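1. Fold the following.
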Amino acid sequence: MLIRLSTLAAGVLAGLITLNSAWADEVQVAVAANFTAPLQAIAKDFEKDTGHKLVVASGATGQFYAQIKNGAPFDVFLAADDSTPAKLEQEKAIVPGSRFTYAIGTLALWSAKPGYVDDKGEILKQNTFQHLAIANPKTAPYGLAATQVLDKLNLTETTQAKLVEGQNITQAFQFVSTGNAELGFVALSQIYKDGKLQSGSAWIVPAPLHEPIRQDAVILEKGKDNPAAKALFDYLKGPKAAAVIKSYGYDL
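-> Numbering: from 1, shown residues only. Take a look at the predicted model:
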């Protein structure tokens, strides 16, 4: 009798696992490098609350655009700008009406050395550093914003020979964190958490010095019938995700 009950219980459990797996879906997400850490934090609650699983690839927005156009298997794209998702929308490569701004990014000038960067960015004008890291302005919106700041401050010529260019904002951050560049323009989200600078020294770049970094998300054509893609979008618009996004220094 005990054996029969155990067998029955095992069968019910297996059925529940199978049923739960049937309800849960996987969503392939291409995310701009600056938003990797916030998305990882959001993913934990999202997966726990919905049962759906995120499979995340991070990189430069421009590179992702090229991959998507070449058939990359992404369901959702979280870009570092609004122009690339708008372009995909015009090309009818997304689910109509899915595009929305999930975060507004902040640029920061950062050094791994405490006290090296002053709170007004005067270190740029002093020009005593050897290397200044930025992300590739052709593919990474934060890199483009960095060049706009240098233009506004009339420092493009004096800093040109000192620029160290990363493929994306993660690589720009790595150049600075490893000491290969004394300072660099990074996303505030990479160095900031819960209202505090995590390490080193930084100047939070005033918004008027560059075009707004509006970061838009879209459900791509491949994700149109994926319930997990729709669930992720609903989640990103909710209060739990908003709290995480703000904690990394983004505006909404």
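2. Please count neighbours and contacts with C-alpha atoms only from this point.
-> OK.
3. need the contact list for Ser42.
-> If you look again at residue 42, you'll see it is Ile, not Ser. Neighbouring residues of Ile42 by CA atoms under 8 Å, 6 or more residues apart in numbering: Lys240, Ala241, Val244.
4. Kindly write the ChimeraX command that selects the buried subset of those residues.
-> Here is the ChimeraX command that selects the buried residues among the contacts of Ile42 (16 or more other CA atoms under 10 Å):
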select :241,244
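5. Kindly reformat the contacts of Ile42 as CSV and extend each row with pLDDT.
-> Below are the contacts of Ile42 laid out as CSV (pLDDT from 0 to 100):
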residue, pLDDT
Lys240, 96
Ala241, 97
Val244, 96
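6. Now intersect the contacts of Ile42 with the helices, please.
-> Members of the contacts of Ile42 lying in helices (criterion: DSSP state H): Lys240, Ala241, Val244.
7. ok so Asp49 is a helix residue?
-> Yes. Assessed with DSSP: H, G, I helix; E, B strand; the rest coil, Asp49 lies in a helix.
8. Which of the contacts of Ile42 sits closest to Thr158?
-> Nearest to Thr158 among these, counting by CA to CA, is Val244 at 38.1 Å.
9. So for the closest residue to Lys193 other than its chain neighbours, what's the pLDDT?
-> Among residues not flanking Lys193 along the chain, Tyr248 sits closest, at 4.9 Å (CA to CA, 6 or more residues apart in numbering). Tyr248 carries a pLDDT value of 94.
10. Now do the contacts for Tyr248.
-> Tyr248 is in contact with Pro38, Leu188, Ser189, Gln190, Tyr192, Lys193, Asp194, Gly195, counting by CA under 8 Å, 6+ apart.
11. which stretch of helix or strand covers the closest residue in space to Ser201 that isn't next to it in sequence?
-> Spatial nearest neighbour of Ser201, excluding adjacent residues (CA to CA, 6+ apart): Pro114 at 4.8 Å. Pro114 is part of no helix or strand, with elements assigned from DSSP states H and E.
12. What about Pro114, how many residues nearby?
-> Using other CA atoms under 10 Å, Pro114 has 12 other residues around it.
13. Among the contacts of Ile42, which one sits closest to Glu182?
-> Nearest to Glu182 among these, counting by CA to CA, is Val244 at 29.5 Å.
14. Isn't that closest one up against Pro38?
-> Yes. With contact defined as CA atoms under 8 Å, Val244 reaches Pro38; the gap is 6.5 Å.
15. Could you report the separation of the residue sitting nearest the centre point of the chain from Tyr102?
-> The residue lying closest to the centre of the chain (CA atoms, centre = their mean) is Phe35, at 1.8 Å. From Phe35 across to Tyr102, the span is 10 Å (CA to CA, to the nearest Å).
16. what do you get for Glu122?
-> Distance of Glu122 to Tyr102, given as CA to CA: 32 Å.
17. higher neighbour count, the two?
-> The neighbour comparison of Glu122 against Tyr102 (other CA under 10 Å) goes to Tyr102, with 23 against 11.
18. Secondary structure class of the residue nearest to the centre of the chain, three-state.
-> Three-state call for Phe35 (three-state DSSP): helix.
19. shouldn't it be in contact with Ser189?
-> Yes. Look at Phe35 against Ser189 with CA under 8 Å: they come within range, at 7.3 Å.
20. mean confidence for stretch 162-180?
-> 96.
21. how long is that stretch end to end?
-> End-to-end distance for stretch 162-180: 12 Å, by CA to CA.
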